[in-house]
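*Asks:* Coordinates only, no sequence provided:
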Ligand SMILES: Cc1cc2nc3c(=O)[nH]c(=O)nc-3n(C[C@H](O)[C@H](O)[C@H](O)COP(=O)(O)O)c2cc1C
């Protein structure tokens, strides 16, 4: 698959088939993804790939924390946008689009909550990838490098017919993941990725989010 095609095809997948993903395929995806560039070739990424019983335990424990009203204790700041900013507006647009597709009315608190729980359950994907970095590194230092490897994972997954959703929700309670997946305090959890075969009948998977055009965010000089 052409890289341009893969970039255009990739969308966040929030509904998956139950079919297991072969370990060899995930390994190939990760082997490809780690060709990502990084500052001074530091390669500041590590992965824990989870399926089966442990993933089920993480789903349950995440949802239990959420329902207990536990505040997020994420290892790094996630999603904080000034109230009246364009960034916040885009977030609201995303929420509205998703709710419209899955048929959740604004005032339907029960369905909204059920939807939120799905995120904390890694959208019931058969596989979750936890992307981590070493705490000896500065907090924001490796984030750019990790973004690159994460996008590579998503694109390589598309090439294999798989779908992904990059998600903060899965690692909002990092100590839950740490304990159940046996991850030490010396690792900072940066992001989760839900991975599996897309269920194309799941309405939220139809979402094609909008973008400001390149020209809106680009200043051209000397052309
Ligand atoms: C750093 C990061 C964190 C994200 N966290 C979540 C999340 O917690 N839950 C979720 O449903 N989607 C999450 N997403 C997916 C975004 O909502 C999605 O990428 C964005 O709306 C653009 O849509 P697209 O991926 O379909 O192109 C996250 C994406 C990124 C890059």
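*Replies:* In hand now; what should we look at? Nothing here was measured: the structure is a model prediction, and the numbers come from that model. Numbers count the residues shown, from 1 in each chain.

*Asks:* Now do the SS call for the most centrally placed residue in the chain.
*Replies:* The centroid of the chain falls nearest to residue 166 when counting by Cα atoms, centre = their mean (1.3 Å). Secondary structure assignment for residue 166 (DSSP: H, G, I helix; E, B strand; the rest coil): strand.

*Asks:* Within range of the ligand, give me the residues from this protein.
*Replies:* 11-12, 14, 94, 119, 165-169, 191, 209 (Cβ under 6 Å from any ligand atom). Backbone N, C-alpha and C define where each C-beta goes, glycine included.

*Asks:* Could I get the contacting residues of residue 123?
*Replies:* Residues counted as contacts of residue 123 (Cβ atoms under 8 Å, 6 or more residues apart in numbering) are 13-16, 165, 167, 194.

*Asks:* if you set the cut-off to 10 Å instead, what comes out?
*Replies:* Neighbour list for residue 123: 12-16, 59, 163-165, 167, 169-170, 194-196, 199, 202, 204-205 [criterion: Cβ atoms under 10 Å, 6 or more residues apart in numbering].

*Asks:* Ok, residue 31 next?
*Replies:* With Cβ under 10 Å, 6+ apart, residue 31 has these contacts: residue 156.

*Asks:* and it, how far is that from residue 47?
*Replies:* 11 Å (Cβ to Cβ, to the nearest Å).

*Asks:* go on, residue 98?
*Replies:* 27 Å.

*Asks:* can you count the residues close to the nearest residue to residue 160 once chain neighbours are set aside?
*Replies:* The spatial neighbour of residue 160 that comes closest, neighbours along the chain excluded (Cβ to Cβ, 6 or more residues apart in numbering), is residue 25 at 5.8 Å. Residues within reach of residue 25, counting by other Cβ atoms under 10 Å, total 16.

*Asks:* hang on, isn't residue 25 packed against residue 126?
*Replies:* No - applying Cβ atoms under 10 Å as the test, residue 25 and residue 126 come out as separate, 11.7 Å apart.

*Asks:* which residues are common contacts for these two?
*Replies:* Residues touching both residue 25 and residue 126 (Cβ under 10 Å, 6+ apart) are residue 195.

*Asks:* Just the pLDDT at the nearest residue in space to residue 37 that is not next to it in sequence, thanks.
*Replies:* With sequence-adjacent residues excluded and distances taken as Cβ to Cβ, 6+ apart, residue 37 is closest to residue 148, at 6.1 Å. Looking at residue 148, its pLDDT is 98.

*Asks:* Okay, and the beta partners of the residue nearest to the centre of the chain?
*Replies:* Following DSSP bridges, residue 166 is listed with bridge partners residue 193.

*Asks:* Quick check: the gap between it and residue 13.
*Replies:* 10 Å.

*Asks:* Identify the contacts common to those two.
*Replies:* 154, 194.

*Asks:* so residue 26 makes contact with residue 195?
*Replies:* Yes - with contact defined as Cβ under 10 Å, residue 26 reaches residue 195; the gap is 7.2 Å.

*Asks:* And these two? Which one has more around it.
*Replies:* residue 195 (28 against 21).

*Asks:* Let me see the contact set for the closest residue to residue 1 other than its chain neighbours.
*Replies:* Counting by Cβ to Cβ, 6+ apart, residue 1 lies nearest to residue 159, which is 4.5 Å off, once chain neighbours are set aside. Contacts for residue 159 (Cβ under 10 Å, 6+ apart) come out as 1-3, 5-6, 9-10, 28-29, 32.
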